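Asker: Based on what follows, work out the 3D shape:
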Amino acid sequence: MTNNLPKISSAYQSKLVSAIVSISVFFLIYLILILASLLMIFLLGYGAIKLLSISLNYFTVFGAAGLLSVGVFVFIFLVKFIFKKTHYSTRHLIEVNRSHQPELFAIIDEIVAETKVNTPQKVFLSPDVNASVSYNSIFWSMFLPVKKNLTIGVGLINSTSVGELRSILAHEFGHFSQKSMKVGGYVNQAEKIIFETVYNNKEYENFILEFSGGNAVFKIFGLISVSFINAFQSVLKSISNFLFKNHASLQREMEYHADAISTFITNPEEQASSLLRLELSDAAFNYSFNFYIENQQKYLPKDLYKNQISLMKILCERNNHPYVNGLPKIDPEDLTRYNKSRIEIEDQWTSHPDILKRIERIKTNETRNTAADHRYAKEIISGFDTICEIMTSKFLTLRSVKNVGEVIDDESFIQLYLDNSTYKTFSSDFNGYYERHNPIVENIESVISGSSPHHTSELFSDKKVSLVYEKSGIESDIQTLQYLASYPKEIKTFRFDGSLYKAKDAGKLIPDLENELKKVQEELLENDKAIFQHYYHISDEDLKKDLLVKYKKLAVIDREFDDFQKSLNEFTVYLQFMAVTLPFEEIRKHRAKLLKAEEPFKQKTRVLLENSAYKEALSDEDKNLFQEFVDSEYIYFNKDKYLEHEVSAVSLLIEKYRALLNDHYLNSKLDLLNFQSGLNKN
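Answerer: Now for the predicted structure:
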């Protein structure tokens, strides 16, 4: 049994003190507000008695009742959250015990003994790719001891080894050992108070005004009550950011400490490998589920977890991740392969540190280096396949997926997924170069004269692919810097290339980045020209003409896409008022702006219909829809109600317009790339 588990760090202690101070300040202010409301009841009640003592008549009775109601309404506003029931369902979970899962509980018992914590009250299996510690956080749990529950995601078990699962459970039991989790209970109650009083109070305010009825005196006192409530809301809202930021900061330290406990009683290699694979595992599970949603529930999964494993293999093949001991091996560099941003901004609201930062800490943690166990974690779960099918059904119910459609096995899923996958259509000849890059070469004829063969291994090398992501990273960083320069008070400082800067100085970095972007764009353009020259050189005369036509066509579509997309974005802003409830006069004002913005959008739509590269992709049905809009004289709102036919027609137009731009661009790009890939085989 271990007696010398890692102690909490000085940073942990500091964050804990800050969190305790902030939660204490919150509840002190909250208590003061409650006392203020009680004082209001006393003073207003005293005033009501005095009013009645002067004269007992219709007006004084209503006046006295109105005075007292102000204090009562404000007091109820502050304490009503205590009596609100929390409807937390465990229907999507499966509770297990040691008779069901003896091997799993053997690991749990071992870790409990190592960490000297209480055994979980309950152990649940969930559908997710996650594991967590929780307890029923009701109001009285702030004052009474509660037992914690352990929840383990089936999606996590499905994609880890036994040793990795043990390290994950050790991390969760590290949380069991943290008395600072109690702070989270207090913060949870503070969140409920803030939510119920600040963000979920409209119904109560409406009740007060309705309760006042048609009586003018009661109406006035109702408005006074709401005014006091709004003032109290402002006080609570003003301290919420302070509270939540301090708690998030503590939670990040709690994660580091739980990691340290896991490293100590397991080993850093399995701990790191499970963390590094987490994003891939989660993506494979979510992509699998999204496949069924995107197919309008035409199909239903028999076992989402088999789909998850199959999709992990597809994603690994696409991204060159090797399999070691039967599971994907993800390196730290893989997490940043597509993220070339050089800006670091500390997220003050996140409860979990960045995975790479956790990995760095894990490498330095003390460890006993227990032996690795490379068996699949699912092998220690009795009846795992049956559990997966049950969890699939529970997950679909949880996400409100109706039990319709054809139930398909994993083989059918793989085939359908690959048939519908954009990435599958991009030939592997290009090494992923075109997944986030478009083959646009303006004035393509001027490039022909320099046509010469190249080695495709050079044109689509990892270095060239990296340029694509470097360009995206620079563009993203420029946008971030522009935002920081525009709103310097929101984020005080940031790091760029490892150096610390103030937000107000962000604008000074933009010119250099714009120069870098220009150089990368030029390098990519030169490579795109070389690619065209290569394929043009290896083609016969007929194929040369076809290749030239396809490059020209995509260049035109690319220019028009930006133009039409800009017009669409500008127009849709004026439609947003229809999605919210507004007074009639407000609706009429918005409609006037919409009708004014409609004319230039109609002109652009007419161009698309009559003189654009997109017109060839329009179906007859879409042509009629677009033409009807161009010829229409919609008014959208009349006699205090929306005209449903017109609102539905413009909504459908926007949907079809957006789909046309995206689909035709993608199809034209695929047409060129598939043609280009075919030239390699000629």
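Asker: Near Ser412, how many other residues are there?
Answerer: Ser412 has 14 neighbouring residues, counting by other C-beta atoms under 10 Å. Quick note: C-beta positions are derived from backbone N, CA and C, even for glycine.
Asker: Which element, helix or strand, includes it?
Answerer: If you go by DSSP states H and E, Ser412 is part of helix 410-419.
Asker: That helix - contacts with which helices or strands?
Answerer: Under the contact criterion of 3 or more C-beta pairs under 8 Å, 6 or more residues apart in numbering; DSSP states H and E, the helices and strands touching helix 410-419 comprise helix 268-294, strand 299-301, helix 304-319.
Asker: Can you lay out the ones you listed as CSV showing mean pLDDT?
Answerer: Rendered in CSV, the data for the helices and strands packed on helix 410-419 read as follows (pLDDT from 0 to 100):
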stretch, mean pLDDT
helix 268-294, 94
strand 299-301, 93
helix 304-319, 92
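Asker: helix, strand or coil for Phe124?
Answerer: Here Phe124 takes the strand state, with states given by DSSP: H, G, I helix; E, B strand; the rest coil.
Asker: how far away is it from Val117?
Answerer: Distance of Phe124 to Val117, given as C-beta to C-beta, to the nearest Å: 18 Å.
Asker: just how off-centre is the helix or strand harbouring Glu655 within its chain?
Answerer: Per DSSP H and E: Glu655 is located in helix 644-679. Once both centres are worked out by C-alpha atoms, centre = their mean, to the nearest Å, helix 644-679 turns out to sit 26 Å from its chain's centre.
Asker: Ramachandran angles for Lys492?
Answerer: The phi and psi values for Lys492, taken as degrees, to the nearest 10, are phi -70, psi -50.
Asker: The residue nearest to it when sequence neighbours are not counted: neighbouring residues, count only.
Answerer: Across the structure, with C-beta to C-beta, 6 or more residues apart in numbering as the measure, the residue nearest Lys492 apart from its sequence neighbours is Ala503 (5.9 Å). Each residue near Ala503 was counted by other C-beta under 10 Å, and the total is 20.
Asker: Thought Leu484 was touching Ala503, still the case?
Answerer: Yes. Proximity of Ala503 to Leu484 meets the contact threshold set by C-beta atoms under 8 Å, at 4.5 Å.
Asker: Any figure for the gap between the closest residue to Val162 other than its chain neighbours and Leu275?
Answerer: On the basis of C-beta to C-beta, 6+ apart, the spatially nearest residue to Val162 that is not a chain neighbour turns out to be Asp373, at 4.2 Å. As for Asp373, its distance to Leu275 is 17 Å (criterion: C-beta to C-beta).
Asker: what's the overlap in contacts for Ala503 and Leu484?
Answerer: With contacts taken as C-beta atoms under 8 Å, 6 or more residues apart in numbering, Ala503 and Leu484 have 491, 494 as neighbours in common.
Asker: contact partners of the helix holding Ser412?
Answerer: Residues from elsewhere that reach helix 410-419, judged by C-beta under 8 Å, 6+ apart: 288, 291, 295, 299, 301-303, 306-307, 310-311, 314, 408, 424.
Asker: ok, now stretch 571-589?
Answerer: Residues contacting stretch 571-589 (C-beta under 8 Å, 6+ apart): 590-591, 593-594, 597-598, 601, 636-637, 640, 642, 647, 650-651, 654.
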